[in-house]
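In: mind folding the following:
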Amino acid sequence: MKRGQDVIRILMVCLGNICRSPMAEFVMKDMIEKEHLGDRFYVASAATSTEEIGNPVHRGTREKLKEYGISTAGKHAVQLSRKDYDQYNYLIGMEQRNVTNMLRILGGDPEGKVKRLLDFSPHPRDIADPWYTGDFDRTYDDVYEGCKALLTFILEQENERNYR
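Out: Okay, here's the model as predicted:
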């Protein structure tokens, strides 16, 4: 990638911003750092609801990420807002219900920035909410698959742009 390009901004979104979207945020940040691409990306997460605003990351997500040496220290739930549409290149929901709520909050998606995380994988599907399932292992596996696929997609898009 060329130096001086704009930072690629990704916003991960779920219902409460305490389980799936912070998991996706921190898994993606970890992948990006391991690829030495930290200066090229900005990754954050947000909620579609107001229920958990200000709360820290759920214990199940913190414990699962700790197994991989990933910290969520300092993260507190924030809500998605209409202005986020102009601030991010990718607005990524964890399930279709998130996407529906995102489109309502954002006022639409004229640039095609809103997708589900696993839409980038070979097996598009929703990521189940571990708040309800209690299965943080399955959520981690799905989030990891989606983040890997999203990062691959973005890097391929960047390479195409650079070689035109």
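In: out of everything not next to it in sequence, what's closest to Ala46?
Out: Nearest residue to Ala46, sequence neighbours excluded (C-beta to C-beta, 6 or more residues apart in numbering): Leu80, at 4.2 Å. From N, CA and C alone the C-beta is placed, and that goes for glycine too.
In: make sure the one you found is actually in contact with Met102.
Out: Yes - counting by C-beta atoms under 8 Å, Leu80 does reach Met102; the two are 6.3 Å apart.
In: low-confidence ranges in the chain?
Out: 1-5, 164 (pLDDT under 70).
In: can you work out which residues contact both of Leu80 and Met102?
Out: Residues touching both Leu80 and Met102 by C-beta atoms under 8 Å, 6 or more residues apart in numbering: 13, 48, 91.
In: tell me the SS of Tyr140?
Out: helix (DSSP: H, G, I helix; E, B strand; the rest coil).
In: go ahead and confirm it touches Phe26.
Out: No - applying C-beta under 8 Å, one finds Tyr140 not in contact with Phe26, separated by 10.8 Å.
In: which residues are common contacts for the two?
Out: The contact sets of Tyr140 and Phe26 overlap at Leu65 (C-beta under 8 Å, 6+ apart).
In: looking at the two, which is more packed in?
Out: Neighbour count, other C-beta atoms under 10 Å: between Tyr140 and Phe26, Phe26 has more, with 25 against 22.
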